[in-house]
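Asker: let's see this in three dimensions:
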Amino acid sequence: MAARKIPGPRVGAVHGSKAQKRRAIVTFLMVFLIQRAQNKEALALHLKLNELVAAMEGASNRLIDAEDLSEEELKILHDHYERLTAIASRDEELSESHSVEEAEERHQRKTRTRPGKAHA
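Answerer: Got it, this is the predicted structure:
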């Protein structure tokens, strides 16, 4: 009499499946814990930078919590700082700096003194 094979999972496969599930759960938990630690570190770094921005005279307070700005707002700020970098690169004195407010004040003065422009 020939032995017939019974379809279905092998007896040893059940134990392998449990081991795979355990590994998947442990991996998920480790990723979760690592991500949580990285988020905490990122938050602490943001708080430290916010404190520095808030404490700096002449710094723009609009940059505090900049991480909460939309992508479009961040792009606008990035473009502005690229323009400030271009301005600063033309300065002969390395100690000169430009802030968002200084640039805005200069812009307002220029638009008020241009001939043919309406005054706000």
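Asker: find the residue at the geometric middle of the chain.
Answerer: Centrality entry for the chain: nearest residue to the mean C-alpha point is Glu67, 5.8 Å, by CA atoms, centre = their mean.
Asker: break this structure into its domains for me.
Answerer: 14-67, 69-115 (automatic domain parsing).
Asker: ok, of the ones you listed, where does mean pLDDT dip lowest?
Answerer: Of all the domains of the chain, the minimum mean pLDDT falls on domain 69-115 (a mean of 75).
Asker: now do the same contact list for Asp79.
Answerer: With contact taken as CB atoms under 8 Å, 6 or more residues apart in numbering, Asp79 is in contact with no other residue. Quick note: C-beta positions are derived from backbone N, CA and C, even for glycine.
Asker: name the element it belongs to?
Answerer: According to DSSP states H and E, Asp79 maps onto helix 71-90.
Asker: can you give me the buried ones in that helix?
Answerer: Leu77, Leu84 (16 or more other CB atoms under 10 Å).
Asker: and the helices in this structure?
Answerer: 11-55, 71-90, 100-113 (DSSP state H).
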